[in-house]
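>>> Let me see the structure of the following:
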Amino acid sequence: MAVFRDTPYGNARFSVEFDGMDPVKGIMEVILPEMILEIEPIRTGDAPENAPLNSVRHPRFSNLVIRRYLSGSTDLYAWWKEVAQGSRDKARRVTIHLWSEDGAAIVLSWNVNLATPVRYSFSPLNGNDGSAVIETLEMGCHNVEIE
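Model (predicted):
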């Protein structure tokens, strides 16, 4: 599904889908997980080189972070609460779509599999500031696929 072009895509047009949930509105920022390959230096006893070789171990993924303007919806909190109360089968697939600048087509998608809430927070309340309250949900994940 990825659409190649010579100029880079902008980062402002995206949508987020959570399997098993109504569409989530008002998302202002997505921090995608880093995809990390851990390496382990190994050296066999009969290797003529003194320096170890690097062996790739298991991939690991940092957390997915979603931020949205607080609108009174409690859907993300309800999901976090279910997991916090011990529901073990509440992992979801979260799909982030990057759209073309004109909004006509999806140009790339990230599928974050088995996402589970690990942190839920709000921006500070400040009587002198007057800016919007931001809700943040951070999710651990099993893996990420790009299409």
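
>>> For this protein, just list every one of the helices.
Counting by DSSP state H, the chain has these helices, from start to end: 75-84.

>>> For it, give me the ranges with low pLDDT.
Low-confidence regions of the chain, defined by pLDDT under 70, span residues 1, 47-49.

>>> Please report how far residue 44 lies from residue 54.
Residue 44 sits at a distance of 13 Å from residue 54 (criterion: Cβ to Cβ, to the nearest Å). Every C-beta, even on glycine, is put in place using the N, C-alpha and C of the backbone.

>>> Comparing these two, which shows the higher neighbour count?
Looking at residue 44 and residue 54 with other Cβ atoms under 10 Å, you find the greater number of neighbours at residue 54, namely 11 against 8.

>>> If the closest residue to that one other than its chain neighbours is in a bridge, with which residues?
Nearest residue to residue 54, sequence neighbours excluded (Cβ to Cβ, 6 or more residues apart in numbering): residue 39, at 4.4 Å. The residues listed as beta-bridge partners of residue 39 by DSSP bridges are residue 56.

>>> Spatially central, which residue of the protein would that be?
Most central residue of the chain, judged by C-alpha distance to the mean C-alpha position with Cα atoms, centre = their mean, is residue 64 at 2.6 Å.

>>> Distance check, that one against residue 72.
On the measure of Cβ to Cβ, residue 64 and residue 72 end up 23 Å apart.

>>> so the residue nearest to residue 54 sits right up against residue 55, yeah?
Yes - with the criterion set as Cβ atoms under 8 Å, residue 39 and residue 55 qualify as a contacting pair; they are 6.5 Å apart.

>>> list the contacts for residue 4?
Taking Cβ atoms under 8 Å, 6 or more residues apart in numbering as the contact definition, residue 4 lies against nothing.

>>> Report the beta-bridge partners for residue 116.
When assigned by DSSP bridges, residue 116 has beta-bridge partners residue 140.

>>> Can you give me the neighbour number for it?
Every residue meeting other Cβ under 10 Å relative to residue 116 is counted, giving 18.

>>> how close does it get to residue 18?
In this structure, residue 116 and residue 18 are 12 Å apart, going by Cβ to Cβ.

>>> Good, wrapping up.
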